[in-house]
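> Structure for this input, please:
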Amino acid sequence: MLSQQDLKQQAADAALALIEPMLTAQAVIGVGTGSTADLFIDGLAKYRGKFRGAVASSERSAKRLAGHGIAVLDLNEVETMPVYVDGADEINSQLHMIKGGGGALTREKIVASVAKQFVCIADESKLVDSLGRFPLPIEVLPIAREAVSRVARALGGQPVLREGFITDNGNQILDIHGLTITDAPELEKKLNNVPGVVTNGLFALSPADTALLATQQGVRRLG
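The predicted model follows:
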């Protein structure tokens, strides 16, 4: 029986096989954050020199890419990318996701918005019928923490400050527990309209284009 680490590796390898035809001298690859994304970065190293470089969604991923000798570019220098590859904390059959367990949700959302295709890589445990079992992260300006918490409670959630954590943007994270998410795009829109919210961890207005889900029987592709 494959371990969870084996499954993550399987998903990362499937993503590398999928994007290999996209690697050209001018191609820039968008790369996410997290344990599965780390494995993708490690595999991407063997193609070093076949593409221009990468844009990272976090300082953590940027350091890992640079450590492999892959050029890390500023997103402001990049007009388009063929693909963005990242994991998810939860994903449903509509390819709506909850992301941000690692705290990089804002940069992940920004980098993904520039890519032509979003490929989600995960193990099968992340596939759910409805989103919300995993606490929904919201990046907030520190001054707005309690105001946003009151909104979250009114929506039926229990906000918990992620203690001792500051995002790469200098903000705080509220993890919202206990939500039953029936309309992910609508909730994403509603939360993003709350003053003081930088962004929330729902990726539903712009979901993944493809999901590569590693299972004991091989990689299952959605989308």
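
> ok, and for the lengthiest helix in the chain, which residues are buried?
Secondary structure of the chain read by DSSP state H shows that its longest helix is helix 4-19. Across helix 4-19, burial judged by 16 or more other Cβ atoms under 10 Å covers Leu7, Lys8, Gln9, Gln10, Ala11, Ala12, Asp13, Ala14, Ala15, Leu16, Leu18, Ile19. Any C-beta I mention is one placed from the backbone N, CA and C, and that applies to glycine too.

> cool, stretch 136-156 as well?
By 16+ other Cβ under 10 Å, the buried positions in stretch 136-156 come out as 136-141, 144-145, 148-149, 151-152, 155.

> C-alpha coordinates for it, CSV please?
The C-alpha coordinates for stretch 136-156 follow below in CSV (Å, rounded to 0.1, in the frame of the first residue of the first chain):
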residue,chain,number,x,y,z
LEU,A,136,-11.1,28.2,5.5
PRO,A,137,-8.1,30.5,5.7
ILE,A,138,-8.6,34.3,5.3
GLU,A,139,-5.7,36.7,5.0
VAL,A,140,-6.6,39.9,6.9
LEU,A,141,-5.0,43.2,7.6
PRO,A,142,-4.2,43.1,11.4
ILE,A,143,-6.4,46.1,12.1
ALA,A,144,-9.4,44.2,10.6
ARG,A,145,-9.0,40.9,12.5
GLU,A,146,-11.9,41.3,14.9
ALA,A,147,-14.2,43.0,12.3
VAL,A,148,-13.7,40.1,9.9
SER,A,149,-14.1,37.6,12.8
ARG,A,150,-17.6,39.0,13.5
VAL,A,151,-18.5,38.6,9.8
ALA,A,152,-17.3,35.0,9.9
ARG,A,153,-19.4,34.2,13.0
ALA,A,154,-22.4,35.7,11.3
LEU,A,155,-21.9,33.2,8.5
GLY,A,156,-21.9,30.3,10.9
